[in-house]
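*Asks:* everything below, folded, please.
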Amino acid sequence: QVQLVESGGGLVQPGGSLRLSCAASGTIFSIGVMGWYRQAPGKQRELAATITVGGFTNYADFVKGRFTISRDNGKNTVYLQMNSLKPEDTAVYYCRVYATRYAGSSWTQYWGQGTQVTVSS
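*Replies:* Next up is the predicted model:
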């Protein structure tokens with residue numbers, strides 16, 4: 001199996017910063033696109049940012065200029081640096097990773113357990 005362990009969430013004041021991490025472990029042959037999603041209470045899960053193996057990034061409009069996604073391929077880890085946080089950024093943040101477990105196997109998506117981010121004064 002592939003396990004994703006997220007960390008870095010917490011309570012922060014408006015305008016503050018947090019850095020989320022998501023480390024993949026287990027039986028992994030290769031990792032493809034990695035991304036961060038979020039889900040606020042009563043709302044659907046939505047994309048925040050994604051990053052390819054080559055480092056190409058894609059951001060939702062609501063995080064552009066404030067959040068930065070990055071990855072360390074050697075550590076199978078994806079990060080989300082969140083700056084200028086707003087109360088509306090409050091949500092559970094999930095990482096999603098596409099991975100193969102063996103040579104020639106199909107790509108499978110895996111989700112982390114989620115980490116709570118609360119922006120409040």
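*Asks:* need the contact list for the most centrally placed residue in the chain.
*Replies:* The geometric centre of the chain, computed from its C-alpha atoms, lies nearest to Trp36 (C-alpha atoms, centre = their mean), at 2.8 Å. By C-beta atoms under 8 Å, 6 or more residues apart in numbering, the contact set of Trp36 is 20, 22, 47-50, 69, 78, 80, 93-96. In short, each C-beta sits where N, CA and C put it, glycine included.
*Asks:* again, 6 Å this time
*Replies:* By C-beta atoms under 6 Å, 6 or more residues apart in numbering, the contact set of Trp36 is 48-49, 80, 93, 95.
*Asks:* ditto for Gln81
*Replies:* Counting by C-beta under 6 Å, 6+ apart, Gln81 touches 19, 68.
*Asks:* kindly recompute the last result at 7 Å.
*Replies:* Neighbour list for Gln81: 19, 67-68 [criterion: C-beta atoms under 7 Å, 6 or more residues apart in numbering].
*Asks:* I'd like those written out as TSV, with distance to Trp107, pLDDT and neighbour count added.
*Replies:* What follows is the contacts of Gln81, written out as TSV (distance: C-beta to C-beta, whole Å; pLDDT from 0 to 100; neighbours: other C-beta atoms under 10 Å):
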residue	distance to Trp107	pLDDT	neighbour count
Arg19	27	98	14
Phe67	25	98	23
Thr68	25	98	16
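*Asks:* where does the protein have low pLDDT?
*Replies:* Flagging of the chain using pLDDT under 70 yields an empty set of residue ranges.
*Asks:* ok, which stretches of it are helices?
*Replies:* In order along the chain, the chain carries no helices (DSSP state H).
*Asks:* which stretches of it form strands?
*Replies:* Taking DSSP state E as the criterion, the chain carries its strands at 2-7, 10-12, 18-26, 30-39, 46-51, 57-59, 67-72, 77-82, 91-100, 108-111, 115-119.
*Asks:* I'm done for today, thanks for sticking with me.
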